[in-house]
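Peer 1: Just need the structure, nothing else, for what follows:
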Amino acid sequence: MTVDIRLGYGCSSLMGRISRRECLHILGEAFESGISHFDVARSYGYGRAESVLGEFSQGKRDKVFIATKAGFTAMPPKFYLQAARWFLKPVSTLVPAIRPLLRRKAAAALVSRPLLSASSLRTSLETSLRELRTNFVDVLLLHEATAEELADENLLKTLDEFVAEGKVRRYGVGSDLSKIPGILAMERGYLQVLQLENNPGVRAFDRFDLAGISLVITHRAVGALGEKICRAVVQNPSQAARWSELTGADVKSREQLSALLLAYSLAKNPGGKVLFSTLHAGHLRANAATAGQLKKYEPRQFDELERIVASLPAAEA
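Peer 2: Just a heads-up that it's a prediction; the model follows:
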């Protein structure tokens, strides 16, 4: 299958709910579907996601694009947290809606965010390279960096040293939307790559001037926004029929809605990459298919999607 190579696989869920063998299988599914961009971080998978990606990339390092992050540090899971995970698993099975909340709470409890410094940055990179079993990464992102941290000349000097040493091809920042204005207001010489959220509810390319950044990577194309649209559809079926007519996609179908949202993010970032994360092989293949069929979507469909999202009540937007 020929796939738009701008689609990237996010490794945030690896080593969470599935085994290492299953993680390697889903990475293989992504690769076989034509996806070559893999996004990982030191904190993902309780600090074990990089190791899995490193094992997977053996023998194909020249065929995969690896972006990792420095900033957050994963802490080994405490026994009581592991026990709680097993206790809560049947509860989340009975009440699927609480799964995202449980995952966020567990992840937050097992990571720390020390102040970024030149020394901590080097330690983080060396650890990543060892775990990834490689001597370089294609992109190193500063995870949730602030404008104040990036003003540290030693930090920027260290990043340039990584490039000179051949350990990093490009570097940049991956931060929450609230931090983006301050980051963009700074001297952009260091900002070779920027990773941020984008979807019809955020409209990052309308809000921010991203010109001059060589690579923009976006994420959260579907996720929470897709769930909110689904809830609105259930609450108002007649309106859902109108939305389907306007967008040319059956918004009552999760598959078609997800495809439309993903296509939106790809279309809005034509020169960059769009990340998604799933542990379901069928969903992965469907996303890859969407990325390879962008021509079937028209700009008017995305305009209507933006208007629909803007019309949602504040609690749903």
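Peer 1: and Gly16, how many residues sit next to it?
Peer 2: A count of nearby residues for Gly16, using other Cβ atoms under 10 Å, gives 17. For glycine as for every other residue, the C-beta is placed from the backbone atoms N, C-alpha and C.
Peer 1: Can you give me the pLDDT of it?
Peer 2: pLDDT recorded at Gly16 is 82.
Peer 1: so Arg170 sits in a strand?
Peer 2: Yes - according to DSSP: H, G, I helix; E, B strand; the rest coil, Arg170 belongs to a strand.
Peer 1: how about the nearest residue to it once chain neighbours are set aside, what does it touch?
Peer 2: Distances taken as Cβ to Cβ, 6 or more residues apart in numbering put Gln192 closest to Arg170, at 4.6 Å, once the chain neighbours are dropped. Counting by Cβ atoms under 8 Å, 6 or more residues apart in numbering, Gln192 touches Arg170, Tyr171, Gly172, Ile213, Ser214, Leu215.
Peer 1: The second one touches Leu159, doesn't it?
Peer 2: Yes - with contact defined as Cβ atoms under 8 Å, Tyr171 reaches Leu159; the gap is 4.7 Å.
Peer 1: Tell me where the model's unsure across the stretch 101-250 of the chain.
Peer 2: Along the stretch 101-250 of the chain, the model assigns pLDDT under 70 to residues 101-114.
Peer 1: mind listing the strands for it?
Peer 2: Applying DSSP state E, counting those that start in this stretch to the stretch 101-250 of the chain gives strands spanning 111-112, 137-143, 168-174, 193-197, 215-219.
Peer 1: want to throw these into a markdown table with mean neighbour count and distance to Ile308?
Peer 2: As requested, those are exported to a markdown table (neighbours: other Cβ atoms under 10 Å; distance: least, Cβ to Cβ, whole Å):
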| stretch | mean neighbour count | distance to Ile308 |
| --- | --- | --- |
| strand 111-112 | 14 | 35 |
| strand 137-143 | 23 | 32 |
| strand 168-174 | 22 | 28 |
| strand 193-197 | 23 | 19 |
| strand 215-219 | 22 | 20 |
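Peer 1: Tabulate these in JSON lines, adding columns for distance to Arg21.
Peer 2: Below are the strands of the stretch 101-250 of the chain laid out as JSON lines (distance: least, Cβ to Cβ, whole Å):
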{"stretch": "strand 111-112", "distance to Arg21": "25"}
{"stretch": "strand 137-143", "distance to Arg21": "25"}
{"stretch": "strand 168-174", "distance to Arg21": "29"}
{"stretch": "strand 193-197", "distance to Arg21": "29"}
{"stretch": "strand 215-219", "distance to Arg21": "26"}
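Peer 1: that older thread, now do the shared contacts for Tyr171 and Leu159.
Peer 2: Leu140, Tyr190.
Peer 1: ok, now which ones touch Leu284?
Peer 2: Taking Cβ under 8 Å, 6+ apart, one finds Tyr9, Ile26, Glu29, Ala30, Ser33, Thr278 in contact with Leu284.
Peer 1: repeat that for 7 Å
Peer 2: Neighbouring residues of Leu284 by Cβ atoms under 7 Å, 6 or more residues apart in numbering: Ile26, Glu29, Ala30, Ser33, Thr278.
Peer 1: my guess is the second one meets Leu279, correct?
Peer 2: To tie it back to what came earlier, the one meant is Glu29. No - with contact defined as Cβ atoms under 7 Å, Glu29 does not count as touching Leu279 (10.0 Å).
Peer 1: quick one, which of those two is more surrounded?
Peer 2: Glu29 (18 against 15).
Peer 1: Run through who's touching the helix or strand harbouring that one.
Peer 2: Using DSSP states H and E, Glu29 maps to helix 20-32. The contact list for helix 20-32 (Cβ under 7 Å, 6+ apart) reads Tyr9, Leu14, Met15, Val52, Leu53, Glu55, Phe56, Leu279, Ala281, Leu284.
Peer 1: what does the following helix or strand past it rub up against?
Peer 2: Later in the chain than helix 20-32, the nearest helix or strand by DSSP H and E is strand 37-39. Strand 37-39 is contacted by residues Gly8, Tyr9, Gly10, Cys11, Leu53, Val64, Phe65, Ile66, Ala67, Lys273, Leu275 when judged by Cβ under 7 Å, 6+ apart.
Peer 1: out of those residues, which are inside helices?
Peer 2: Leu53 (DSSP state H).
Peer 1: Please pick the buried ones from the contacts of helix 20-32.
Peer 2: Tyr9, Leu14, Met15, Val52, Leu53, Phe56, Leu284 (16 or more other Cβ atoms under 10 Å).
Peer 1: okay, among those, which ones form the most distant pair?
Peer 2: For the buried ones among the contacts of helix 20-32, the maximum inter-member distance is 17.1 Å, found between Met15 and Leu284 (Cβ to Cβ).
Peer 1: Next one: the residue of the chain most remote from its centre from His143, what distance?
Peer 2: Distance to the chain centre peaks in the chain at Ser238, reaching 33.4 Å (criterion: Cα atoms, centre = their mean). Going from Ser238 to His143 by Cβ to Cβ, to the nearest Å gives 44 Å.
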